[in-house]
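*Asks:* sequence unknown, structure follows:
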Ligand SMILES: Cc1cc2nc3c(=O)[nH]c(=O)nc-3n(C[C@H](O)[C@H](O)[C@H](O)COP(=O)(O)OP(=O)(O)OC[C@H]3O[C@@H](n4cnc5c(N)ncnc54)[C@H](O)[C@@H]3O)c2cc1C
């Protein structure tokens with residue numbers, strides 16, 4: 001009798017420079033540890049254009065991937081759900097994995113529901129934890145604006161089990177490198193049969209760490225008062241290697257662009273450290289940052305709701321606290337900083 005070990009397939013994502021994104025690395029390493037437990041293989045698929053096989057091999061190898069499949073075609077430069085779905089499903093059917101994981105990114109949020117439909121698989125989106133109890137896989141996710149954590153068991157062994165994970169929520173142990181087998185596929189795509197056309201992609205000019213990937217975020221609320229005052233947050237973020245976020249009130253007031261908005265109608269973030277400056281802590285804001293590992297609040301109102309949700313709180317004027325914070329961080333981290341103005 002042949003016993004087939006369950007394989008795990010991870011949809012990897014890359015930046016423009018072809019480096020794997022941080023959330024992809026987190027999922028790949030988590031999946032490697034799980035594959036070691038269940039005795040299966042870790043397969044990764046990367047879909048895009050002009051893929052660099054040598055770079056991919058090196059990076060997948062460090063994540064402990066057994067086999068990487070690169071699907072490469074000029075028409076895959078920008079995400080197109082129609083083409084990507086067809087190619088992703090084809091790979092899933094060929095590889096027949098038991099578990100299919102990806103990042104809860106814009107691509108993952110679009111592609112995984114389609115993949116679950118076409119494979120008749122069970123799907124849980126935006127998970128924050130994963131456990132293997134015997135042979136049963138359990139994932140956790142937050143619901144009702146981070147008020148409830150639900151644990152969901154995948155208990156139908158016959159179906160593929162699909163899950164997307166919130167960036168920065170998985171903290172995998174280190175893995176041993178593998179000599180990854182890299183297979184490059186160059187599919188023929190008949191452009192005339194594709195109904196969905198991408199007319200234009202407008203990329204952000206920002207060179208900063210993307211909010212959803214940042215390990216540290218410093219956010220400003222309505223209290224920032226105007227766009228120029230965000231300068232102190234950007235300066236402090238530079239010292240910390242952090243990204244800068246905003247509340248909806250700040251975005252609606254025109255102090256920050258919508259791309260910086262954290263919350264129910266903005267981005268969902270899960271950094272190691274979230275510093276909320278002049279943010280009251282409304283439930284809709286918490287919905288986007290409540291799974292941060294450590295929350296620090298700076299607010300001059302001691303009764304602000306954020307103080308019920310934070311790990312550390314400073315009751316004072318942010319315009320007094322943040323410059324001092326920046327100065328102290330500069331000293332602590334041994335960085336050259338301009339003197340803070342009070
Ligand atoms: C459907 C829906 C979706 C929403 N989606 C989002 C979302 O995605 N993200 C989001 O953030 N909100 C969202 N909101 C809005 C949310 O309800 C709050 O209105 C918003 O988060 C408030 O932003 P704020 O905390 O910056 O402003 P405020 O509530 O006005 O709070 C400002 C805070 O700053 C403090 N403060 C003032 N001056 C200073 C100072 N100098 N120093 C220190 N502290 C100071 C005040 O004490 C106060 O606590 C949504 C609302 C709805 C109805």
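*Replies:* Thanks, I have it. Everything quoted here is computed from the prediction, not taken from an experiment.
*Asks:* pull the contacting residues for the closest residue to residue 280 other than its chain neighbours.
*Replies:* In this structure, residue 280 finds its nearest non-sequential neighbour in residue 304, 5.1 Å apart by CB to CB, 6 or more residues apart in numbering. C-beta: built from backbone N, CA, C; applies to glycine. Residues near residue 304 by CB atoms under 8 Å, 6 or more residues apart in numbering: 280, 281, 297.
*Asks:* give me the phi and psi for the first one.
*Replies:* Note on residue 280: its backbone torsions stand at phi -70, psi -30 [degrees, to the nearest 10].
*Asks:* and which of the contacts of residue 304 is nearest to the ligand?
*Replies:* The closest of the contacts of residue 304 to the ligand turns out to be residue 280 (CB to the nearest ligand atom; 3.4 Å).
*Asks:* neighbours around the closest one, how many?
*Replies:* 19 (other CB atoms under 10 Å).
*Asks:* for it, give its distance to residue 307.
*Replies:* 10 Å (CB to CB, to the nearest Å).
*Asks:* repeat that for residue 7.
*Replies:* For residue 7 relative to residue 307 (CB to CB), the value is 47 Å.
*Asks:* before we move on, back to that, tell me, what's touching residue 280 and residue 307 both at once?
*Replies:* With CB under 8 Å, 6+ apart, residue 280 and residue 307 have common neighbours residue 299.
*Asks:* would you say residue 295 is within a helix?
*Replies:* No: assessed with DSSP: H, G, I helix; E, B strand; the rest coil, residue 295 is strand; it does not lie in a helix.
*Asks:* what sits against residue 169?
*Replies:* 26, 127, 128, 129, 270, 291.
*Asks:* so it, which of the three states?
*Replies:* coil.
*Asks:* and it, its phi and psi?
*Replies:* Torsion angles, degrees, to the nearest 10, at residue 169: phi -80, psi -30.
*Asks:* ok, the spatially most central residue of the chain - contacts?
*Replies:* Taking CA atoms, centre = their mean as the criterion, residue 167 is the residue nearest the geometric centre of the chain, at 2.3 Å. By CB under 8 Å, 6+ apart, the residues touching residue 167 are 22, 23, 26, 103, 104, 105, 212, 213, 269, 270.
*Asks:* can you check residue 335 too?
*Replies:* Contacts of residue 335 by CB under 8 Å, 6+ apart are 239, 329.
*Asks:* in a helix, it, correct?
*Replies:* No: counting by three-state DSSP, residue 335 falls outside a helix, being coil.
*Asks:* would you mind listing what in the stretch 201-342 of the chain touches the ligand?
*Replies:* 221-223, 247-250, 261, 263-266, 278-280, 282, 284-285, 288, 298-301, 304, 317-319 (CB under 6 Å from any ligand atom).
*Asks:* ok, now with 5 Å
*Replies:* Residues of the stretch 201-342 of the chain lying close to the ligand by CB under 5 Å from any ligand atom are 221-223, 247-249, 263-266, 278-280, 282, 284-285, 299-301, 304, 317-318.
*Asks:* now, those that are in strands?
*Replies:* Judged by DSSP state E, strands contain the following of these: residue 299.
*Asks:* just the contacts of residue 167 now: which is nearest the ligand?
*Replies:* residue 269 (11.1 Å).
*Asks:* now the helices for the chain?
*Replies:* 22-38, 53-62, 81-95, 106-119, 231-240, 248-252, 283-289, 318-333 (DSSP state H).
*Asks:* of residue 7 and residue 307, which one has the most company?
*Replies:* residue 7 (20 against 17).
*Asks:* for stretch 105-113, list every residue counted as buried.
*Replies:* Buried residues in stretch 105-113, counted by 16 or more other CB atoms under 10 Å: 105, 107, 108, 111, 112.
*Asks:* now do stretch 39-59
*Replies:* Buried, per 16+ other CB under 10 Å, within stretch 39-59: 40-48, 51-52, 56-57, 59.
*Asks:* related to what we said a few turns ago, weed out the non-buried ones from the residues of the stretch 201-342 of the chain next to the ligand.
*Replies:* 221-223, 247-249, 263, 266, 278-280, 282, 285, 299, 304, 318.
*Asks:* can you put the contacts of residue 304 in JSON lines and add distance to residue 149 and pLDDT?
*Replies:* Formatted as JSON lines, the contacts of residue 304 follow (distance: CB to CB, whole Å; pLDDT from 0 to 100):
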{"residue": "280", "distance to residue 149": "24", "pLDDT": "98"}
{"residue": "281", "distance to residue 149": "19", "pLDDT": "96"}
{"residue": "297", "distance to residue 149": "22", "pLDDT": "98"}
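*Asks:* among the contacts of residue 169, which ones are in strands?
*Replies:* Judged by DSSP E, these include 127, 129 as members of strands.
*Asks:* need the residues that contact stretch 204-217.
*Replies:* By CB under 8 Å, 6+ apart, stretch 204-217 touches 21-23, 105, 167-168, 237, 240-245, 259-260, 262, 267-269, 271-275, 289, 292.
*Asks:* kindly check the end-to-end length of that stretch for me.
*Replies:* Taking CA to CA, to the nearest Å, stretch 204-217 runs 18 Å from one end to the other.
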